[in-house]
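>>> give the three-dimensional model of this entry:
(chains A, B, C and D)
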Number of protein chains: 2
Amino acid sequence: MGITKTEHFTEQQNDLAILAKAIGHPARIAIIQHLIKVNSCICGDLVNELPLAQPTVSQHLKELKNAGLIKGNFEGNAICYCLNEEGFEKIKVFFESINTYLENKKDHCC
Amino acid sequence: MGITKTEHFTEQQNDLAILAKAIGHPARIAIIQHLIKVNSCICGDLVNELPLAQPTVSQHLKELKNAGLIKGNFEGNAICYCLNEEGFEKIKVFFESINTYLENKKDHCC
DNA sequence: TATTTATATTGCAATATTACGATATAAAAA
DNA sequence: TTTTTATATCGTAATATTGCAATATAAATA
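Residues are numbered from 1 along each chain as shown, chains lettered A, B, ... in the order given. Got it, this is the predicted structure:
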C-alpha cells in the first residue's frame, strides 16, 4: 500500500530508517560530500554544484534537515547549512554494532 | 517525476544511495538486527519475527539482497540469509570519512 | 506419487518520492 | 522604494515503494 507500518516497529528502528532513507538519494549524498569537501557551511553555491533545479535542491535540503542530518542558520539573506553531528552519531552507533558483529562472526553457513 | 536523475551523479554516489535506501525501512532494519541477534543465518523463522505478511517479508529480503547487504544460500527446502560483509564495508568507509571530518572540524558557523 | 512446508512471484491498490515551473518571501543592494 | 538575490512553498505529473491476497515453485516428507 505504499504505507510503512511504522507502528509495528520500535522507535529506534523507525529512527534509523528515517536517517538511512534520508541518505538514500544520490543528490543528498552529493550534498553531504560537498559539505565535507568545502569544510564549512554552504551558503548559496549548492544549486550550481548539483544537476537539479533550485526547488528540487531546496526540497532535498529540507529532507536532510528534517531527518536531523544537517542544520541551517540564517546568514544575511542567505541560509547556511552544516552537517548535524547528532544525526550522524545515531547512525554511527548502528553501523559500529554491525561492524563489531561482522568482525567477530564465524562463518557458520553463508 | 518520481524518477531519480541517476545519470547526473557519480557511480559512488549512486551506489551509496542504493545501500542507504535499502537500509531505510524499519522492516529491513529489523531484519538486519535479527541477523545480528541470532548470530547466524536465518532460515525460516523471519516471517514469525516480523509484523508483515510472508510476501512482504520476501520482498524486503529481495531488496536487501539486491543492494548487496545480505546473501542467501539454499539449505534443503529452506533458504538461509546472512549479512553480506561487502555491502556493509562500502557504507562503513563512507561513514568513517564523515566521522573523521566531524571529529576534526571546527565550528565555523553552524 | 501426493502432501506438506518454505519461499518467490504476480497483480494490484494505496501511498510516497522525485522533479520542476510558477510563485512567494525576505533580506541586500541599488 | 525598487530591484536584485537567495531560498522556500505550492501545485502537479511521473514514477517508485509498500503491502498483501492469490498463486507459483520447489524441495522434503509421508
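>>> out of everything not next to it in sequence, what's closest to A:Asn84?
Nearest residue to A:Asn84, sequence neighbours excluded (CB to CB, 6 or more residues apart in numbering or on different chains): A:Lys71, at 4.5 Å. Where you see a C-beta, it was placed from the backbone N, CA and C, and this is true even at glycine.
>>> same thing with A:Leu61?
A:Tyr81 (6.2 Å).
>>> check whether that neighbour really touches A:Lys71, as I assumed.
Yes: taking contacts as CB atoms under 8 Å, A:Tyr81 lies within contact range of A:Lys71: 7.1 Å.
>>> higher neighbour count, these two?
Per other CB atoms under 10 Å in any protein chain shown, whichever of A:Tyr81 and A:Lys71 has more neighbours is A:Tyr81, with 24 against 17.
>>> okay, A:Ile29: pLDDT?
Confidence at A:Ile29, expressed as pLDDT, is 98.
>>> hmm, who's touching the host helix or strand of it?
A:Ile29 is part of helix A:26-38, with elements assigned from DSSP states H and E. Here helix A:26-38 makes contact (CB atoms under 8 Å, 6 or more residues apart in numbering or on different chains) with A:22-23, A:41-42, A:46, A:49-50, A:52, A:56-57, A:60-61, A:63-64, A:69-70, A:81-83, B:4-6, B:9-10, B:13-14, B:16-17, B:20, B:97-98, B:101.
>>> ok, stretch A:73-92 next?
With CB under 8 Å, 6+ apart, stretch A:73-92 has contacts from A:15-16, A:19-20, A:23, A:32, A:35-36, A:40-44, A:46, A:61, A:65, A:67-72, B:95, B:98-99, B:101-102, B:105, B:108-110.
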